[in-house]
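sequence plus the predicted model coming up.
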Amino acid sequence: MDWKLELVVVPVADQDRAKAFYLEQFGFDLLVDHRAGPDFRVIQVTPPGSACSVALMANPDSAGSVQGLHLVVADINRAHGELVERGVEPTPVFHYESGTQVEGSDPQGRDYNSFFEVHDPDGNGWLVQHVSGRTS
């Protein structure tokens with residue numbers, strides 16, 4: 001039996017602000033924006049190429065509490081540059097050498113060793129990781 005992760009809930013204080021960030025700056029695609037009454041709205045966005053979506057759920061008390069979500073990209077420097085062009089302020093790209101964090105991408109281009117961080121307007125944290133060798 002397959003168990004597929006298809007949705008991760010990210011709590012936000014302002015759904016319109018979060019939707020704008022994820023669509024216009026982070027480059028995600030809109031899957032659902034549905035209201036079921038005045039106090040309930042579901043917004044689902046999906047990173048390009050991903051089978052897993054993100055639900056931007058209104059929860060001001062928990063906004064910013066999700067940390068360590070990982071996005072995988074085939075070209076860490078290109079991904080970083082695209083976000084900067086869209087007005088996002090990611091951390092500089094970094095990698096690890098002998099257990100020490102070093103600024104810049106892995107000079108050998110090894111998978112799973114180059115990263116940068118991004119935070120949405122509520123402070124929810126994403127780690128973008130370089131993995132070019134994955135085929136599926």
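Nice, thanks for sending it over.

CA only for contacts and neighbour counts going forward, please
OK.

so what secondary structure elements neighbour the longest helix along the chain?
In the chain, assigned by DSSP state H, the helix with the most residues is helix 76-85. Here helix 76-85 touches strand 114-119, strand 125-130, going by 3 or more Cα pairs under 8 Å, 6 or more residues apart in numbering; DSSP states H and E.

how about the nearest residue to residue 26, chain neighbours excluded?
If the residues on either side of it in the chain are set aside, residue 26 comes closest to residue 83, at 6.4 Å by Cα to Cα, 6 or more residues apart in numbering.

can you count the residues close to that neighbour?
Using other Cα atoms under 10 Å, residue 83 has 17 neighbouring residues.

mind listing what it touches?
25-26, 89-90 (Cα atoms under 8 Å, 6 or more residues apart in numbering).

redo that, cut-off 10 Å
Shown in contact with residue 83 (Cα atoms under 10 Å, 6 or more residues apart in numbering): 24-27, 89-90, 118.

before we move on, back to that, turn the helices and strands packed on helix 76-85 into a markdown table, including mean pLDDT.
Shown next, in a markdown table, are those (pLDDT from 0 to 100):
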| stretch | mean pLDDT |
| --- | --- |
| strand 114-119 | 98 |
| strand 125-130 | 98 |
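
show me where this structure has its strands.
Ranges of strands within the chain are 7-12, 29-35, 41-46, 53-58, 69-73, 94-97, 100-103, 114-119, 125-130, based on DSSP state E.

OK, contacts around the closest residue to residue 95 other than its chain neighbours?
Take residue 95 and drop its neighbours on the chain: the residue closest to it by Cα to Cα, 6+ apart is residue 114, 4.5 Å away. Residues counted as contacts of residue 114 (Cα under 10 Å, 6+ apart) are 75-77, 93-96, 101-107, 128-131.

out of the strands of the chain, which gets nearest to residue 1?
Residue 1 sits nearest to strand 7-12 of all these, at 18.3 Å, using Cα to Cα.
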